[in-house]
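> below are the sequence and a predicted model; questions follow.
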Amino acid sequence: MTHLITGVVRDATGNPVPDASVYLTAGPEPYPDIAVLSAADGSFRLAVRADGVYTVQCRTPDGSVSETSVTAGGDRPARATLRI
């Protein structure tokens, strides 16, 4: 079964951050070494296979980094907010 991790990248004032690379740095299973770019509204989606806690990290075009942990599983996407 595939689970979704969805979320948004925001700056310190709450504005969306487009074009940030978003990727997994830890999780309960091996995960592919791939990244997605946040959309114009800062949103992103990652698919994972196993239930559990994942660490999601982002890097903005200017080099700022943020990370958070989310728990994937169940019927609803896990929701992550990354603040730069």
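Nice, I can see it. Since the model is a prediction, treat every value here as computed from it, not as a measurement.
> which parts of this protein are strands?
3-10, 21-26, 36-37, 43-48, 52-59, 65-72, 78-83 (DSSP state E).
> tell me what the third one is packed against?
With contacts defined as 3 or more Cβ pairs under 8 Å, 6 or more residues apart in numbering; DSSP states H and E, the secondary structure elements packing on strand 36-37 are strand 21-26, strand 43-48. For every residue, glycine as well, the C-beta is placed using N, CA and C.
> any chance of the ones you listed in TSV with distance to Ser66, mean pLDDT and mean neighbour count as columns?
Below are those laid out as TSV (distance: least, Cβ to Cβ, whole Å; pLDDT from 0 to 100; neighbours: other Cβ atoms under 10 Å):
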stretch	distance to Ser66	mean pLDDT	mean neighbour count
strand 21-26	10	97	17
strand 43-48	12	96	18
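> not counting sequence-adjacent ones, nearest residue to the most centrally placed residue in the chain?
Centroid-nearest residue in the chain: Val56, 4.5 Å away (criterion: Cα atoms, centre = their mean). Counting by Cβ to Cβ, 6 or more residues apart in numbering, Val56 lies nearest to Ala80, which is 4.9 Å off, once chain neighbours are set aside.
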